[in-house]
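> sequence plus predicted model, see below.
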Amino acid sequence: MKNLDIFLYEWKHFVRSPFKMVALLLFVLAAVYGLHNGASLYEKQKAEIEKINQKAEAQIEKMITHYDKGEKSPEGRPWVNFTTPFWAIWNLPTYHFKAPSPALVYSIGQAEQYGFYKQISVWASAYDADMAEEIANPERLQTGTLDFAFVLLFLLPLLLLILTYNLKSAETEQGFLALIEVQTASKNTWLLSRMAFYIGLVLLFTFALILYGAMLTHVFEASSNAFGQMLFYSFLYLIFWAVLYYFILQKGKSILGNTLQMVGLWLLLTFVIPAVVHQYVSISQPINLMTDLIDVQRDGREKLFAQPDSVIDNQIFALFPEIKGSKLANDSTERVRLRNFSASALANNMLKEATTPIIAENKAKNALIKQSYWFNPLTFFQNQLNAVAQTHFQDYQNYRNDIERLVDKRIKIMVLDMWNDEKVDKDKFLTYHKKLKS
Amino acid sequence: MFQIIKNEWLYYSRTRLFLGISAGFILVLLFSIFLGSYQTQIQTENYQTAQKHLREQWESIKEMNPHGAAHYGTYVFKPANLLSSLDEGVNSITGNVLRVEGHVQNEIVHSEASQMQTISKFGKLKSSLLLQFIVPILLIFLAFSSISNEKQSGRLKLLLLQGTSPLQLIFAKTLSVWLYGLALLCTTILVYTLLNIQNINSEIMSRAGLFLLTYSFYYFVISGLTVFFSARWQNPTLALTSMLGVWILWTIFLPHILMSSVEKWHELPSRNEFKVAMKEDRSKGVDGHNPSDERKKEFEQKVLKEYGVDSLSQLPINFDGLVMQADEEYGNMVWDKHFGNLRVVLSEQKQSYQLGGILNPFISLQNASMGFAASDNLHHQDFLVQVENYRRDFIKMLNDKHAFGGSKTGDWSWKAGNEFFKSVPDFEYKPTSLATVLSNYFLDFFILGFWVVFVLMLLILGTKKMQVL
C-alpha cells in the first residue's frame, strides 16, 4: 500500500469521525479566540501609548508657549526658572515605552505582569511602583489569558491525542492488524504514514492560524522573523509530541491503555513537571521583598543628605569629573543650589548599586529555570514563544535597563549644563526633548 | 448497595495498576503538601525578618520632624498565609510590598511572577493543582467503564436478576468512585493538619473543612457524570472520551474564556486613566504644600476663628499640621472614590464569573477553593483596605504631633523624639472573618449543590433508559 493510499484512507477515516472533527474545530476556534485576545492587548497598549504621547506633547507645547512669551515661571511658582537646565529638564515630560511587538498576537506572555510606560525623571528608577502591571483583576491574571501560545502549548498535544489515540490499537482490538501487515510492507511504516497524515493536518491548520494572526497585527510589516520563528517552534513542538505519541502507539495494544498513557504523559509534561519546577524555584530562590532597595530609597537618601557639604561635593565631582573645570565650579554663591540639584545623581548611583544584586538574583532564578528545560519542555517552549512575541522576562529586563540608561543620560545632561551655567531657551529645550527621548 | 461498594473497593485493592497509580499519586500529594508547607514557612520567616527590619528602623528614629517622618514612611509586607500551602490562589501574581506614606495611597508592588520568567501556567505544585486537575482525571478513569464493563461482560444482567435495582447499582458505582476521591481529600487535610499542628486553630480547621466539602461536591459531580455516561453509552471508550471532553471544556477552555469575558463586560480603567482622574480630583483639594490654594485660606480663617486669634503666629498650635491633616482627609475621600470604584468593578467581575459556575462547576470549585484557602482577591483586597486604614491612622498620628506636639506654625525644624516614634503602632494584619468569606462564596456553594442535585437527577432519570444488554 502506497503512502498516498494510506493518506487517502486516513482522510476518509478522519471525515467520518465526528469526534475528531469537533476536536479540530474546537482547537481552531480556541486558537482564533486566543489570537484575537493577543491582538486586542496589542491594540490596547498601542492606544494607551498614543494617549500618553499626546498628553506629553501637550505639556511640551505649553512649555514652548512659556518660552515664546518669555515667561520664566508658571503662575504662582516664582521659585521655578525655565531658563535653567534643572527646571527645564524637570518640566520636560519624557516617557519611555515598551512598545508592543505585533507578534504579541501570538503570545501575551508576561506582558500583563509589567507596566509598559514610564515617565523618566531624575529621581526615577526601574523599580518604581509605576513599573507594576496595568490595573487588572488578579484572579484573571492568575487564571491567565487564553492566547495562541496557550492553545498551542496545551491544546495542540490534546488535539493530536484525540486524532491519534486509536491508531493501530483499534485494528489490534478488532483483530485485523495482521491483515494490514500483509497489505503493507511494514506496520511501523503504516503507523508512521498515518501519524504523518495527522501531523500534516495539524501543521496545515497551525500555519493557517499563524498566518491569520500575522494579518491581525501586521506581523510581516514589523518583522518577518517573528512569523518564521513562530512557525518553527510550532513545528518543533508538534514533532516533539508526535514522536512521544508514536512510541506509545507503536508499543500499545489497546485503545484504553494508549489513551491512559497519552493523557498521563500530557498531564505530566504540561501540569506536573512545570508545577514541581515552579515550586522548587520558589523554595530555593524565595521572593525578594526588596528590603535592600527600600533601605537605599529611604535611609540611604537620609544618610546622603546628612553628610557634610564637602563630602557631597566630592562625591558629585567623583561622579562627573568634567565639572571640576566648569564655569560654576568655583562659584561659592551657586554651590548650595547646584549641590541640591545634583544630589539626584548620587541617589541614582546608590539605587543602581542596590538594584545590581536584585538583577543578579533574578538572573540566578532564570538560570535555575533554564536548567530544567531538558526535562521541562513546556516551560522551554513557552519562553521561546514569549521571546518571539517580545513578552519574555528578558524583554522587560531590557526595558528596565533602557529606563536606567535614560535616567543616567538625563541626570548627566542636567548636571553638566547646570554647572556650565547653560541658559535654556526654546531651541535648547527642544534639543533636550530630542536628546532625552532615546 | 453497601455490598456493591465493598466489592468495588475489593476489586480496586486487587488491581495492581490501580494500587500503583494510587500509591504514586498519594506520594506526589504528600510531597506537594510538604513542599507547600515548607514554602509557607520560608515565606513567613522572610516576611517576619523584613517587617522586623523595617520596624527597627522606624523605632530607631532618634528625632525627626513628624511631616518628614510621614515622607520617610514605612512599608508593609503581605504576610504568608498558612492555608495558601493548599491553594496559592492569586498570591504569586499580586505584589508583596506596600509603601505607607503621607499624601498618597500607594499600590502594592514586587510580585513573585515579576521576578522571573514564566514557568507554569497552572501555578506551583500545591495540593489544589492535584486536587483540581489530576484527581478528577483519576476519578474519570476509575468510573468510565464501571457500568459498560458490567454490560459487556454480561454481569449486569446477573446483578439485576439477583435483585439489585439499576438505580442502586449506579449509585453504588458512583459512591465507590466518589469515596476514592474523598479518601484522597481526607488524606490531604489530615497530612496538612499534622504538618501544621502547632499553628492550627479552629478558624483554619473550619476553612479546611469547607475546602474539603467543596471538593467533595465537585468529585461527586465528576464521578456521577462519568458513571452516567458509562451507563448510557454501550462503548466504554465513548464514555471515556466524552468525559475527557467535558474535563477539557470545564478546566481548560471555559475558565479562561469566561474570565477574559467578564473583564470585558465590566471594564477596569487603565493605570494612566486612573491616575489622571485621581490627580484631577486631588488637585481640587487643600494642598498642604501650595500656599496659593483657596481652600487653605478658608480653612485658615476657620481655625483662626476657632482659636479666637488674628494671625497664624498667635495660634498656640502648629497650623501646618492641621492643614496637612485636612489635606489628607480630602485625599482619603478621593482615594475612597477611585479605589472604591475599582473594588466595585472587581466585585462585579467576580459575581459574573461566579455565575459561570452554572455552566461549569469547576469555576465554583476554583472560586471556593481560593476563598477558603484565604488566597483569593477578596482576601487580597481586604489586606489592602487594612493597610490603607493603618496608613490613615499612621499619618494622622504624625500630623497631630506636628500640630499639637508643641511647635508653632512655620517651624519645620521642630522634631519629635524617639519615644513618640516608638509609640506609633506597627501594622497588624487581621485575617478576614469566615463569615465574610461564607457570604461571598455562598453562591459557589449553592451552584455546586445545584450540580450535585442535577447529577443525581441525571442518574435517576438516566437509569430508566439504560440498556441492560
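Happy to help now that I have it.
> what does the stretch 201-350 of chain B put close to chain A?
Within reach of chain A by Cβ under 8 Å from any Cβ of the partner chain, the stretch 201-350 of chain B has these residues: B:236-237, B:240-241, B:244-245, B:248, B:252-253, B:255-257, B:259-260, B:262-263, B:268-272, B:274, B:290, B:292, B:342, B:346, B:349-350. In short, each C-beta sits where N, CA and C put it, glycine included.
> just the buried residues of those residues.
B:236-237, B:240-241, B:244-245, B:248, B:252-253, B:255-257, B:259-260, B:262-263, B:268-272, B:274, B:346, B:349-350 (16 or more other Cβ atoms under 10 Å in any protein chain shown).
> and the host helix or strand of A:Thr189, what other elements does it pack with?
Under the criterion of DSSP states H and E, A:Thr189 resides in helix A:187-217. Identification of packing neighbours for helix A:187-217 by 3 or more Cβ pairs under 8 Å, 6 or more residues apart in numbering or on different chains; DSSP states H and E yields helix A:3-15, helix A:18-69, helix A:148-150, helix A:156-164, helix A:177-183, helix A:224-251.
> now with 7 Å?
For helix A:187-217, the packing partners by 3 or more Cβ pairs under 7 Å, 6 or more residues apart in numbering or on different chains; DSSP states H and E come out as helix A:3-15, helix A:18-69, helix A:156-164, helix A:177-183, helix A:224-251.
> now the element after the longest helix seen in chain B, going C-ward?
In terms of residue count, the longest helix belonging to chain B (DSSP state H) is helix B:16-59. Remark: after helix B:16-59, the chain's next helix or strand is strand B:63-64, criterion DSSP H and E.
> state the mean pLDDT of that following strand.
Averaging pLDDT along strand B:63-64 gives 90.
> what do you get for stretch B:457-469?
76.
> report pLDDT for residue 75.
Let's take chain A. On the pLDDT scale, A:Glu75 gets 82.
> the chain in question should be chain B.
At B:Tyr75, pLDDT is 92.
> how far away is it from chain A?
In this view, B:Tyr75 and chain A are 6 Å apart by Cβ to the nearest Cβ, to the nearest Å.
> if we can go back for a sec, and the helices and strands packed on helix A:187-217 as CSV, adding mean pLDDT, distance to chain B and mean neighbour count?
Putting the helices and strands packed on helix A:187-217 into CSV (pLDDT from 0 to 100; distance: least, Cβ to the nearest Cβ, whole Å; neighbours: other Cβ atoms under 10 Å in any protein chain shown) gives the following:
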stretch, mean pLDDT, distance to chain B, mean neighbour count
helix A:3-15, 84, 15, 14
helix A:18-69, 92, 6, 16
helix A:156-164, 93, 6, 23
helix A:177-183, 78, 17, 12
helix A:224-251, 94, 14, 18
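> what's the neighbour count on A:Phe305?
Residues near A:Phe305, counting by other Cβ atoms under 10 Å in any protein chain shown, number 12.
> which phi and psi does the residue nearest to it when sequence neighbours are not counted have?
Take A:Phe305 and drop its neighbours on the chain: the residue closest to it by Cβ to Cβ, 6 or more residues apart in numbering or on different chains is A:Ala343, 6.9 Å away. Backbone torsions for A:Ala343, taken as degrees, to the nearest 10, come to phi -60, psi -30.
> now B:Gly123
Per-residue torsions, B:Gly123: phi 80, psi -170 (degrees, to the nearest 10).
> in this structure it contacts B:Leu129, no?
Yes: when contacts are counted by Cβ atoms under 7 Å, B:Gly123 is listed as touching B:Leu129 (6.0 Å).
> common neighbours of these two, please.
Counting by Cβ atoms under 7 Å, 6 or more residues apart in numbering or on different chains, the contacts common to B:Gly123 and B:Leu129 are A:Ala275.
> report how many residues lie close to A:Asn314.
Count around A:Asn314 with other Cβ under 10 Å applied: 12.
> list the contacts for the spatially most central residue of chain B?
The residue lying closest to the centre of chain B (Cα atoms, centre = their mean) is B:Asp376, at 1.2 Å. Neighbouring residues of B:Asp376 by Cβ under 7 Å, 6+ apart: A:139, B:89-90, B:370.
> can you pick the most crowded of those residues?
Result: B:Gly89 is most packed of the contacts of B:Asp376 (other Cβ under 10 Å), 30 neighbours.
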